[in-house]
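Participant: Mind looking at a prediction? Sequence and model below.
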Amino acid sequence: MSKDKKFGFIGAGNMAENLLSGLIASDQAEPANITCSDVRPQRLKELEDRYGIRTSSDNNAVIRSSEIVIYAVKPQVMADVLNETASTLDISKLIISIAAGVPLAAIQAVVDKDLRLIRAMPNLCVAVREGATAITAGPHAKPADIDQAKAIFNAVGRCVFLKENYLLDVVTGLSGSGPAYVFLIIEALADAGVKMGLSRPEARELSAQTVLGAAKMILTSDAHPAELKDMVTSPGGTTIAGLHSLERGRLRAVLMDAIEAATLRSEELGQIVTRKFSAK
């Protein structure tokens, strides 16, 4: 992606900051080519001072000056912001939405014109540039648009492209909500370490590093997770005893149930958002 591309962020929350800082740090964008808008002047001043970007209180001005526009607003205000900016949007710009739970069809219905649309579902871990993001594309998005969107989110972690829009509800249940599941697992591992005699700081560090290391082995290896698990599991040893206990507690089923429940809830919320958009 060319560093000369001009980016516009509509909304200046934490996710917008994570993305723009990732673009700058990965040398994919010059600060002078990034403009951000928000209703909070103080927040804009913070980002301007911190990163050297441009800021504006005028959403439409930001869009006019940008080639790639990222809507980073809360889903409950997305319809109002789209209505305000629809006249400025056109097919010449790549439009990316990270508004959680807002389907592409709902955006298209509000704007009522052909747009090169991408919807993205990043997760909390973009804050440390280890995010997991899935993107999906509207009918007018080009292959180059998908590549550009992937480059943006790869700057803050890893990004996958999904051909089917509806699968973003699964992504919400898996990687969107997933950090909370992993935090809970790390907390439980640390509590167990404390129970068995480790200090709290020792147990916390060992638990978190174990999860980090295991995840890195998955991402840097072609081996199936089961193969890697078997590498740790010697006959009659400690690991198989622990795994037996986890299987007895139905750990797999519990995690699968959690992701299913979160996915179904995401679908419900998406239907609510769509109805609200239709009423606009």
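Facilitator: Noted; the coordinates are in hand.

Participant: which other residues reach stretch 272-280?
Facilitator: Contacting residues not belonging to stretch 272-280 are listed as 75, 78-80, 83, 101-103, 105-107, 109-110 [C-beta atoms under 8 Å, 6 or more residues apart in numbering]. C-beta coordinates here come from the backbone N, C-alpha and C atoms, glycine included.

Participant: where do the strands sit along the chain?
Facilitator: Secondary structure of the chain (DSSP state E): strands located at 7-10, 34-37, 54-56, 68-71, 94-97, 116-121, 131-137, 157-161.

Participant: among those, which is nearest residue 21?
Facilitator: For residue 21, the closest of the strands of the chain is strand 34-37, at 9.9 Å, according to C-beta to C-beta.

Participant: hmm, back to that, in CSV: the strands of the chain, plus mean pLDDT, mean neighbour count and distance to residue 193.
Facilitator: Below are the strands of the chain laid out as CSV (pLDDT from 0 to 100; neighbours: other C-beta atoms under 10 Å; distance: least, C-beta to C-beta, whole Å):
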stretch, mean pLDDT, mean neighbour count, distance to residue 193
strand 7-10, 98, 27, 42
strand 34-37, 97, 25, 43
strand 54-56, 97, 19, 46
strand 68-71, 98, 25, 41
strand 94-97, 98, 26, 42
strand 116-121, 97, 25, 33
strand 131-137, 98, 23, 26
strand 157-161, 98, 17, 28
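
Participant: export the ones you listed to a markdown table and tack on distance to residue 87?
Facilitator: Formatted as a markdown table, the strands of the chain follow (distance: least, C-beta to C-beta, whole Å):
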| stretch | distance to residue 87 |
| --- | --- |
| strand 7-10 | 14 |
| strand 34-37 | 16 |
| strand 54-56 | 17 |
| strand 68-71 | 14 |
| strand 94-97 | 14 |
| strand 116-121 | 17 |
| strand 131-137 | 23 |
| strand 157-161 | 30 |
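
Participant: Indicate which one of those is closest to residue 178.
Facilitator: strand 131-137 (7.2 Å).

Participant: ok, now which ones touch the closest residue to residue 181 other than its chain neighbours?
Facilitator: Using C-beta to C-beta, 6 or more residues apart in numbering and skipping the chain neighbours, the partner closest in space to residue 181 is residue 258 (6.2 Å). The contact partners of residue 258, by C-beta under 8 Å, 6+ apart, come to 173, 177, 181.
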